[in-house]
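Chemist: can you look at this prediction? I've put the sequence above it.
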Amino acid sequence: MKRVIVAFASSGIWLALLGIPTANAAAPATVPLPGSAPGPATAEAQAALGEPVEATPAQAPVEFSVGLEPSDPAGAAAFARAVSDPTNASYRHFLTTAQWEKRFSPSKSSVEAVSAWLSSQGIAVEGVSADRMTIQASTSAATIEHAFGTSLAQYRLRGKTLRANTGALSVPAAIAPLISGVSGVAQRPNKPAALKGSDLSESEAKGASEADEASASPQSAPKISARAKKKAGKEIPQPPGFRNAPPCSSYYGQASDTSDPPYGGGFPSPLPYAPCGYTPPQLQSAYGLSSQIAGGIDGRGVKVAIVDAYASPTLFADARQYSLKNQPGQTLESSQYGQLLAKKFTNLTECEASEWFGEQTLDVEAVHATAPGAQILYVGAKNCENAMFEAVQQVVDGHLADIITNSWGDDGGDVLDSAGTRHAFDNVLLMAAGTGIGVQFSSGDEGDEFANLGASVADYPSSSPYQTAVGGTSLQVGQVGSRLGELGWSTSLSELCTPLLLEEELPGCTKGKLNSWVPKAPGEYDYGSGGGTSYVYPEPYYQQGIVPAALASRNKRATGEANRVEPDISMDADPTTGMLVGETQSFPDGTYYDQYRIGGTSLSSPLFAGVMADADQAAGTPLGFVNPLLYRLAATPGAYAGPYYDVIPAGQQADVRVDYLDGVDAAEGLLTSVRVLDYEGREQFCKRPNKCSTQKTALNVAPGFDSMTGIGAPGSGLITALAKP
């Protein structure tokens, strides 16, 4: 982001030119900003918000951004469609960044006018994005309340205390039309979509202090490793160690559980043990990439940006060591890797900073797994809030990559994020499409969100129609690397009641239940691929005729129209059929590199980014925003015999997983569980311990497009089909 160079001593001139009185004149007439009012867009999501618990302290610092409307919003949207639509004569005729900014960016006078007003209110203008669509600012909560004519309060949401405005934000009528939205006044922290899936060792170190904030500068991998370890390592500790517990299988179905009681409920017996974690060669083989990579279609010449919060000091070293151990002949070289880090990391405790290290490790190693020749740019935002949107914008502004993968999002953000926040970031996504950058987001790991929020709502940014939402599957890789099957990722869980878990007071585990599964088959919903029908976006043109009407119209009673459905496409995400990764972690006997299995749609998004890098190389040109092409291919005869693998119901399937109780070794005992694959039964939301409601999971798999996996998974012919002129 470039710094503001406007001389704000002249702000009074700008205010006068706009007809806005200065400090010595009467206060100007104000109007509420559209899309700035608090609360969800629909009554269906009211259960998620709760009541304010206290007023926001007057001196609490607030970092926020003001989005500015493009000079020609309709023209920007029309151009993005034209260059992304395979049937349009302008297909793939992208603009350069400079050309897009000249044609569509807000005017300098708009930036100066809004900046002048902010400055006149005592708000510090910190910077302006290169595309002039975002002004970064900071001030106190009291100043926000005075400037925008609202009050701020602290709310409890899913165990966190978050700030939000209690009313709409108001600004002078003269500048309101210039503003697309205000982001960051209401806190909506993003979270990584990575899961170890142990249900035991998910907590990371949370003791990092705000007083010890990391500081780093953009630099390349070979130089940052030692410096980052010296500086950032003091502030953000490596996460607690985690290992797979045996027995586990080197491929799906290699070993079966013959020692524990049958699961029952009509499930096969014995059940297979979970894989130990798939390696890059297994994933390449299962998705039909091996021969193409061997033939040189490996993403070379294509740059993939990975956006996360913070930066592990051992990120490159771990990824290189992992490739040496697990990707013969495809080592990640320093010449392929670079980093762009925030100058200062903030909100370390609130964002649980070290939890992001596993996410970063997974993202880098997964991109390299499916595109071993691609360039990788790791972008570390300063925190998990508004800064992550700004990090994506920075990549788009500088055209720093051809593809951007984002393994994070906001649970229920389709309705819980303000309309202004979504609109402002959607403008950035339109610029990405217009300049030939493909942007994708993980669809989330909480299924339809009912179990967490009490309503079936999609996440954001994955619900935006201007990016590719990547959902999750449960992949079954056989002994020779073949895809034995691929199911929708939706998991229910039962645990084996043992004396150890009786002592640990596992709910449902009683003396009478010893050596039996609790809950009984099919267990209770645990997690799964995010997705669903939007409440705020109409059905995009590229989904029409492909997405079943029943899915697109699911919310029609509330919206009055057919709506966007996500995800768009899916790859392996189930942490029980996930990828083996290597990461430096803090173990009881020291801090060192080790390997473990991980999943989540944090896996599927970077895996798909690698596939897209391969496709860009094969096409000889960036494919940009690929959704219109993906759906056009889905409509062609034979789509599920070439480009796509149809994820359909596959009967009752489950596997057995063993975990260390302490996440590290058997010293404290073992936990044995059954994980049901493609669970589509009941799920439960509890607003309070004794106030619960249930519903059938809203996401399901079906032939063709479905709400759990979208079009389906990549087939062996996808890259060839994408690369055709």
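Modeler: Looks like it arrived, so ask away.
Chemist: quick one, strands of the stretch 101-250 of the chain?
Modeler: 124-128, 134-140, 152-157, 160-165, 170-172, 179-183, 191-192, 219-220 (DSSP state E, counting those that start in this stretch).
Chemist: of all these, which lies closest to residue 423?
Modeler: Closest to residue 423 of these is strand 179-183 (Cβ to Cβ; 4.8 Å). To be clear about C-beta, it is placed using only N, CA and C from the backbone, and glycine gets the same treatment.
Chemist: what strands line up against that closest one, and which way round?
Modeler: strand 61-68 (antiparallel) (DSSP bridges).
Chemist: any low-confidence regions in this protein?
Modeler: Confidence mapping of the chain against pLDDT under 70 gives the ranges 1-28, 39-51, 158, 199-235.
Chemist: domains in it, by residue range?
Modeler: 8-70+105-187, 219-245+278-723 (automatic domain parsing).
Chemist: now the residue nearest the centre of the chain: closest residue in space that isn't a chain neighbour?
Modeler: Central residue of the chain (Cα atoms, centre = their mean): residue 408, 2.3 Å from the mean position. Distances taken as Cβ to Cβ, 6 or more residues apart in numbering place residue 190 nearest to residue 408, at 4.5 Å, with adjacent residues excluded.
Chemist: re earlier: so which of the strands of the stretch 101-250 of the chain gets nearest residue 375?
Modeler: strand 219-220 (11.0 Å).
Chemist: I'd guessed the residue nearest to residue 408 sits against residue 417; true?
Modeler: No. Counting by Cβ atoms under 8 Å, residue 190 does not reach residue 417; the two are 10.2 Å apart.
Chemist: which residues do these two both contact?
Modeler: residue 410 (Cβ atoms under 8 Å, 6 or more residues apart in numbering).
Chemist: what helices or strands is the longest helix seen in the chain leaning on?
Modeler: Identified as the longest helix of the chain according to DSSP state H is helix 601-619. Applying 3 or more Cβ pairs under 8 Å, 6 or more residues apart in numbering; DSSP states H and E, one finds that helix 601-619 contacts helix 290-294, strand 303-309, helix 355-370, strand 403-406, strand 438-442, strand 468-477, strand 569-572, helix 718-723.
Chemist: one more time with 7 Å, if that's ok
Modeler: Applying 3 or more Cβ pairs under 7 Å, 6 or more residues apart in numbering; DSSP states H and E, one finds that helix 601-619 contacts strand 303-309, helix 355-370, strand 403-406, strand 438-442, strand 468-477, strand 569-572, helix 718-723.
Chemist: in stretch 496-513, what's buried?
Modeler: For stretch 496-513, a neighbour-count test (16 or more other Cβ atoms under 10 Å) marks 496, 497, 498, 501, 506, 509, 513 as buried.
Chemist: and if you look at stretch 590-600?
Modeler: 594, 595, 596, 597, 598, 599, 600.
Chemist: keeping just the C-alphas, turn that stretch into PDB.
Modeler: Output in PDB follows, covering the C-alpha atoms of stretch 590-600 (Å, rounded to 0.1, in the frame of the first residue of the first chain):
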ATOM      1  CA  GLY A 590      12.400 -29.400  22.100                       C
ATOM      2  CA  THR A 591      11.400 -27.400  19.000                       C
ATOM      3  CA  TYR A 592      12.000 -29.100  15.700                       C
ATOM      4  CA  TYR A 593      10.600 -30.300  12.400                       C
ATOM      5  CA  ASP A 594       8.200 -33.200  12.300                       C
ATOM      6  CA  GLN A 595       5.300 -34.400  10.100                       C
ATOM      7  CA  TYR A 596       1.600 -34.900  10.600                       C
ATOM      8  CA  ARG A 597      -1.700 -35.200   8.700                       C
ATOM      9  CA  ILE A 598      -3.900 -32.100   8.300                       C
ATOM     10  CA  GLY A 599      -6.900 -31.100   6.300                       C
ATOM     11  CA  GLY A 600      -9.700 -28.600   6.000                       C
END
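Chemist: chain center to that stretch: distance?
Modeler: Centroid separation for stretch 590-600 versus its chain: 21 Å, with Cα atoms, centre = their mean, to the nearest Å.
Chemist: again with stretch 438-453
Modeler: The answer for stretch 438-453 is 8 Å, by Cα atoms, centre = their mean.
Chemist: what about it, start to end distance?
Modeler: 30 Å (Cα to Cα, to the nearest Å).
Chemist: what do you get for stretch 522-536?
Modeler: Terminal-residue distance, stretch 522-536 (Cα to Cα): 34 Å.
Chemist: deepest-packed of the strands of the stretch 101-250 of the chain, please.
Modeler: strand 179-183 (a mean of 26; mean count of other Cβ atoms under 10 Å).
Chemist: contact partners of that strand?
Modeler: 33, 35-36, 64-69, 114, 169, 171, 386, 389, 418, 420-421, 423-424, 427 (Cβ atoms under 7 Å, 6 or more residues apart in numbering).
Chemist: with stretch 474-488 instead?
Modeler: Residues contacting stretch 474-488 (Cβ under 7 Å, 6+ apart): 251-252, 278, 281-282, 285-286, 473, 489, 529, 572, 574, 577, 645, 647, 650, 653, 677-678, 701, 708-709, 713.
Chemist: ok, which stretches of the stretch 1-150 of the chain are helices?
Modeler: Along the stretch 1-150 of the chain, counting by DSSP state H, counting those that start in this stretch, helices occupy 11-17, 73-84, 97-104, 108-120, 141-148.
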